[in-house]
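Novice: Would you be able to build a 3D model of this:
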Amino acid sequence: MIRRLALTLAIVAAPGVALAAVAVKGKVTGVPKLLNPVWNEAKDPKANRYTFREPSPTVRADVRALVGYAPKEVCVAALGEKGAPLKTPLRVVVAGGRTSPVTLVVAEGQQIQFENQDPFPHKLYDTGNKGLQPVETAAAKTRAWTPPGPGKYEIRDQLAPSIRSWIVVEPRTVAVGYPDRQGNFTLEVEAGKYTLQGYFNGEPVGKPLEAVVKGPDEQFIKEPVVVGEAGGPSPEAGK
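Specialist: Next up is the predicted model:
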């Protein structure tokens with residue numbers, strides 16, 4: 001029994017041995033306060049983004065509001081002392097005039113792989129001219145890119161104005177998760193202390209939440225991660 005205990009302690013203490021990941025489950029609140037900038041810009045008549053759809057006065061304002069779609073656009077990041085990039089590229093699918101996901105939060109040095117699943121080409125570029133040049137990516141082809149350092153990168157497409165996404169390089173990023181339509185999210189981290197922070201449109205939103213993860217297999221965070229103000233969208237949101 002003593003030998004077995006000693007062997008277990010030696011394995012845990014050995015450098016390079018990965019600890020078991022804990023599935024952290026929580027919930028975000030305030031998503032209805034996050035308005036999608038692409039759709040809200042498109043509804044402006046001066047943008048000349050025409051549509052045959054007209055708003056109905058019989059539909060509630062909160063339903064007409066062009067809020068963000070949480071499973072794509074809201075990212076919950078677990079921030080620790082120091083993050084590390086994944087060993088494999090992080091996939092970003094380009095299809096249907098959008099990217100999936102829209103907001104990404106990654107550790108420094110993380111490679112991004114854009115996958116064009118549309119039947120036509122795209123020319124993605126970063127608006128800050130920090131390395132992602134508008135090179136054509138043909139249908140069913142991929143393109144790899146590693147952001148050069150910490151900061152926010154806004155990604156657009158010369159051929160599709162509806163594509164607008166953000167990559168946030170935060171060196172403390174340990175893991176990320178995306179909430180479902182009900183606001184539930186899951187992310188996997190090792191036991192330790194973390195700050196859970198929501199991101200939307202490439203910016204931290206709401207309030208950071210401190211969390212102590214103990215495990216061993218999964219842990220529920222009782223307090224929600226606030227990503228927007230309480231309540232629904234403002235009265236002007238659906239106009």
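Novice: There's contact between Val106 and Ile167 in this structure, I believe.
Specialist: Yes. Val106 is within contact range of Ile167, at 6.6 Å (criterion: C-beta atoms under 8 Å). All C-beta atoms are positioned from the backbone trio N, CA, C, and that covers glycine.
Novice: hey, what's in contact with both of these two?
Specialist: Residues touching both Val106 and Ile167 (C-beta atoms under 8 Å, 6 or more residues apart in numbering) are 112, 147.
Novice: where does this protein have its least confident helix or strand?
Specialist: helix 2-13 (a mean of 40; mean pLDDT, DSSP states H and E).
Novice: Look up how far Lys130 lies from the residue positioned nearest the centre of the chain.
Specialist: For the chain, the residue sitting closest to the mean C-alpha position, by C-alpha atoms, centre = their mean, is Cys75 at 3.2 Å. Going from Cys75 to Lys130 by C-beta to C-beta, to the nearest Å gives 20 Å.
Novice: now swap in Phe185 and tell me
Specialist: With C-beta to C-beta as the criterion, Phe185 and Lys130 are 29 Å apart.
Novice: These two: which has the busier surroundings?
Specialist: Set side by side, Phe185 and Lys130 show more neighbours around Phe185, with 24 against 13, by other C-beta atoms under 10 Å.
Novice: what's near enough to touch that one?
Specialist: 25-28, 76, 177-179, 225.
Novice: Please tabulate those in a markdown table, including the columns secondary structure and neighbour count.
Specialist: Rendered in a markdown table, the data for these read as follows (DSSP: H, G, I helix; E, B strand; the rest coil; neighbours: other C-beta atoms under 10 Å):
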| residue | secondary structure | neighbour count |
| --- | --- | --- |
| Lys25 | strand | 14 |
| Gly26 | strand | 22 |
| Lys27 | strand | 17 |
| Val28 | strand | 27 |
| Val76 | strand | 27 |
| Gly177 | strand | 22 |
| Tyr178 | coil | 20 |
| Pro179 | coil | 23 |
| Val225 | strand | 26 |
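Novice: Can I get the residues you listed in CSV including distance to Ile163 and pLDDT?
Specialist: CSV is the format used below for those (distance: C-beta to C-beta, whole Å; pLDDT from 0 to 100):
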residue, distance to Ile163, pLDDT
Lys25, 31, 97
Gly26, 30, 98
Lys27, 29, 97
Val28, 24, 97
Val76, 23, 98
Gly177, 23, 97
Tyr178, 18, 98
Pro179, 22, 98
Val225, 27, 97
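Novice: what stretches of this protein score poorly on pLDDT?
Specialist: The chain contains residues with pLDDT under 70 at 1-19, 40, 43, 47, 49-55, 230-239.
Novice: Follow the chain on from the lengthiest strand in the chain and name the next helix or strand.
Specialist: Longest strand in the chain, counting residues (DSSP state E): strand 203-213. Under the assignment DSSP states H and E, the closest C-terminal helix or strand after strand 203-213 is strand 218-220.
Novice: Pull out the buried positions in that next one.
Specialist: Residues Gln219 are the ones in strand 218-220 that count as buried (16 or more other C-beta atoms under 10 Å).
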